[in-house]
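1. Fold the following for me, if possible:
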Amino acid sequence: MSACAQTFVPAQEIHYSTALRQHDEYCRLLGECGAKVVRLDGNRDMPDCTFIEDTAVVLDELAIVCALGVESRRAEPAGIEPELRKYCDVIRIEPPATLEGGDVLRIGRTLLVGHSIRTNPLGIAAFRSVVEPLGYRVVPVAVRGCLHLKTACTGLPDQSLLVNPLWIDPAPLKPFRVLPIPNDELWAANVALIGRIVIMPASCPRTADLLKARGMDVRPVDISEFQKAEGGVTCLSILIDRSL
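-> Purely as a prediction, here's the structure:
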């Protein structure tokens with residue numbers, strides 16, 4: 001993990017034993033919220049392997065295996081694809097197109113796709129060519145100041161968006177209800193949903209209180225070591241709806 005690819009955060013010492021404990025707690029929380037948790041070991045020697053979300057986008061109809069935006073991560077998707085094939089059909093995005101799962105946010109049949117340092121226009125075009133025939137609408141969103149779209153924007157159970165407007169172009173979000181995060185919790189906009197349960201970083205208590213005041217079931221989890229590596233709660237898993 002200490003050799004992970006970092007862009008917008010300063011290098012800090014990552015405490016491996018603490019990271020293991022936090023990852024165990026994250027997996028325990030997913031299970032507590034009703035998910036069946038499958039852990040994979042295939043990419044364990046790759047520094048960024050724990051940020052598995054970036055390797056694929058899973059939709060109702062199929063999974064799109066991504067072409068990652070940095071050379072040090074290019075081998076990761078091949079280790080994930082065999083597991084995804086157990087659940088659904090798979091199609092690949094191929095270089096020079098780049099697309100990372102952290103840049104794709106699904107809201108109903110709309111897919112917001114971040115144009116970021118990791119996802120390029122060729123990747124967005126390739127993704128569009130796969131998903132638009134399936135009835136999805138692709139909306140590109142410019143990302144600035146952070147690694148992925150979902151660092152700065154994720155969905156909430158009421159179909160609104162939790163957003164850090166400093167890090168993305170807010171114009172494409174105008175059709176949606178937007179809830180800005182507090183200014184002193186810049187990393188709070190990345191939350192994961194298991195059904196109607198909101199999983200979010202324990203480091204963002206003001207945002208948690210904001211969501212609780214709106215009647216949401218919020219479950220905080222400490223991911224401080226992964227935040228040092230530029231990761232959030234969505235980054236650590238690929239969620240597959242087995243009911244489809």
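2. Can you show me the strands along the chain?
-> Taking DSSP state E as the criterion, the chain contains strands spanning 56-58, 63-65, 90-92, 104-107, 110-115, 137-142, 153-155, 161-163, 178-180, 192-194, 197-201, 217-221.
3. I'd like those strands laid out as a markdown table, including mean pLDDT, distance to residue 242 and mean neighbour count.
-> To be clear about C-beta, it is placed using only N, CA and C from the backbone, and glycine gets the same treatment. Listed next are these as a markdown table, based on pLDDT from 0 to 100; distance: least, C-beta to C-beta, whole Å; neighbours: other C-beta atoms under 10 Å:
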| stretch | mean pLDDT | distance to residue 242 | mean neighbour count |
| --- | --- | --- | --- |
| strand 56-58 | 98 | 11 | 25 |
| strand 63-65 | 98 | 13 | 23 |
| strand 90-92 | 98 | 16 | 15 |
| strand 104-107 | 97 | 16 | 21 |
| strand 110-115 | 98 | 21 | 22 |
| strand 137-142 | 98 | 25 | 17 |
| strand 153-155 | 98 | 20 | 24 |
| strand 161-163 | 98 | 26 | 21 |
| strand 178-180 | 98 | 29 | 15 |
| strand 192-194 | 97 | 12 | 20 |
| strand 197-201 | 98 | 17 | 24 |
| strand 217-221 | 98 | 21 | 17 |
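4. Among those strands, single out whichever gets nearest to residue 44.
-> Residue 44 lies closest, by C-beta to C-beta, to one member of the strands of the chain: strand 56-58, at 17.6 Å.
5. Which other helices and strands does the closest one contact?
-> Strand 56-58 sits against strand 63-65, helix 76-84, with contacts defined as 3 or more C-beta pairs under 8 Å, 6 or more residues apart in numbering; DSSP states H and E.
6. Go ahead and name everything in contact with it.
-> By C-beta atoms under 8 Å, 6 or more residues apart in numbering, the residues outside strand 56-58 that reach it are 63-66, 77, 80-81, 84, 87-88, 99, 101, 104, 127, 238-240.
7. Just the C-alphas of stretch 172-192, formatted as PDB.
-> C-alpha atoms of stretch 172-192 as PDB (Å, rounded to 0.1, in the frame of the first residue of the first chain):
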ATOM      1  CA  PRO A 172     -24.300  18.600 -15.300                       C
ATOM      2  CA  LEU A 173     -25.900  18.000 -11.900                       C
ATOM      3  CA  LYS A 174     -28.700  20.700 -12.400                       C
ATOM      4  CA  PRO A 175     -31.400  18.100 -13.100                       C
ATOM      5  CA  PHE A 176     -30.800  16.500  -9.700                       C
ATOM      6  CA  ARG A 177     -31.400  17.500  -6.100                       C
ATOM      7  CA  VAL A 178     -28.000  18.300  -4.700                       C
ATOM      8  CA  LEU A 179     -26.900  18.300  -1.000                       C
ATOM      9  CA  PRO A 180     -23.600  20.100  -0.500                       C
ATOM     10  CA  ILE A 181     -21.300  18.700   2.200                       C
ATOM     11  CA  PRO A 182     -19.900  20.900   5.000                       C
ATOM     12  CA  ASN A 183     -16.900  23.000   3.900                       C
ATOM     13  CA  ASP A 184     -14.700  21.500   6.600                       C
ATOM     14  CA  GLU A 185     -15.300  17.900   5.600                       C
ATOM     15  CA  LEU A 186     -14.000  17.800   2.000                       C
ATOM     16  CA  TRP A 187     -13.900  14.000   1.700                       C
ATOM     17  CA  ALA A 188     -17.400  13.500   3.000                       C
ATOM     18  CA  ALA A 189     -19.200  13.200  -0.400                       C
ATOM     19  CA  ASN A 190     -18.000   9.600  -0.900                       C
ATOM     20  CA  VAL A 191     -20.600   7.300   0.600                       C
ATOM     21  CA  ALA A 192     -21.700   3.700  -0.200                       C
END
